[in-house]
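1. Provide a 3D model corresponding to the input given below.
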Amino acid sequence: MFTRFLFRTTPIYGFIPREKVRFYDADLFGDINSNYIVLKKIKLWYGTPMTNEREERLNQKMILGIQCLYYDYFNGEYILTEPHCGDLNVEDVESKELELKENDYFTKFYIGFNFSITHIKFITKSGRIIEFGEENEKYERPVPLNLEEEPQIIYSFSGYYNKYGLYALGCRYISRRDFKKLRMIGILLLRHFFEKNESEKKRWSN
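-> Numbering: from 1, shown residues only. Next comes the predicted model:
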């Protein structure tokens, strides 16, 4: 569908480990409903991952995982992803989640990584924040959507994780203007259908 060209994608930020699990949330939506999907909630886990003597570099807190809740306006259903995370059976694991209120959306994405993702932050249009870790200029990465003059909407996530935690993360996003266009396409197609099918228009009017 031509509408997929309205979406843009950030790089996948982080390191891709040898042992890994890839995820791509947009695969859950399907082509028909993808124009009606919105990201409603983000949940994050943070802590010191399990480690062994040969992997001393893991002895630092990192983002252990992410899970998202999406809403499909086409059929009124929620889509909850699997937790994209490592082993959460660690002593200092913390979790946070942020669920959007009506007419709000995630618009900014900040990330910093060394050997692992050590800082992450999301900001909504209304200024609400979900964040773990601390910003460090040395490790922070520039994310294109944060630099856009026009307001952007974070659409979905993709990345890599393993038994230790979340190692790489990126997102698809779309401008608010283009998102409104997508929402209008369905209405315009329905109007065109009824103009060409008078009997269907009468049936649904009744």
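2. low pLDDT regions in the chain?
-> For the chain, applying pLDDT under 70 flags the ranges 1-5, 31-33, 51-59, 183-206.
3. Helices of that one, residue ranges please.
-> Listed in chain order, the helices of the chain (DSSP state H) span 144-147, 176-196, 198-205.
4. Show me what the shortest one packs onto, helices and strands only.
-> If contacts are counted by 3 or more Cβ pairs under 8 Å, 6 or more residues apart in numbering; DSSP states H and E, helix 144-147 sits against strand 106-113. For every residue, glycine as well, the C-beta is placed using N, CA and C.
5. give me that answer again for 10 Å
-> Applying 3 or more Cβ pairs under 10 Å, 6 or more residues apart in numbering; DSSP states H and E, we find helix 144-147 packed against strand 8-9, strand 106-113, strand 152-161, strand 166-175.
6. Turn those into CSV, including distance to D25 and mean neighbour count.
-> Shown next, in CSV, are the helices and strands packed on helix 144-147 (distance: least, Cβ to Cβ, whole Å; neighbours: other Cβ atoms under 10 Å):
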stretch, distance to D25, mean neighbour count
strand 8-9, 12, 16
strand 106-113, 13, 21
strand 152-161, 4, 23
strand 166-175, 9, 22
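7. Using TSV, lay out those strands together with distance to S126.
-> Shown next, in TSV, are those (distance: least, Cβ to Cβ, whole Å):
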stretch	distance to S126
strand 8-9	23
strand 106-113	9
strand 152-161	13
strand 166-175	17
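8. Out of these, flag the one nearest F15.
-> Closest to F15 of the helices and strands packed on helix 144-147, according to Cβ to Cβ: strand 166-175, at 5.6 Å.
9. Tell me which of the helices and strands packed on helix 144-147 sits nearest to W45.
-> strand 166-175 (8.2 Å).
10. Could you spell out the sheet neighbours of that closest one, each with its direction?
-> Here strand 166-175 has these sheet partners by DSSP bridges: strand 8-9 (antiparallel), strand 13-14 (antiparallel), strand 152-161 (antiparallel).
11. Alpha carbons only: can I get the last one in PDB?
-> Just to be clear, that refers to strand 152-161. C-alpha atoms of strand 152-161 as PDB (Å, rounded to 0.1, in the frame of the first residue of the first chain):
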ATOM      1  CA  GLN A 152       5.900  13.400  15.000                       C
ATOM      2  CA  ILE A 153       4.000  10.300  16.400                       C
ATOM      3  CA  ILE A 154       5.900   7.200  17.400                       C
ATOM      4  CA  TYR A 155       4.100   4.300  15.700                       C
ATOM      5  CA  SER A 156       5.900   1.000  16.700                       C
ATOM      6  CA  PHE A 157       9.200  -0.500  17.800                       C
ATOM      7  CA  SER A 158      11.700  -3.000  16.600                       C
ATOM      8  CA  GLY A 159      15.000  -4.300  18.000                       C
ATOM      9  CA  TYR A 160      17.000  -7.100  19.600                       C
ATOM     10  CA  TYR A 161      17.200  -8.700  23.000                       C
END
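12. and it, how far from the chain's centre?
-> 3 Å (Cα atoms, centre = their mean, to the nearest Å).
13. Same check on stretch 24-37?
-> 12 Å.
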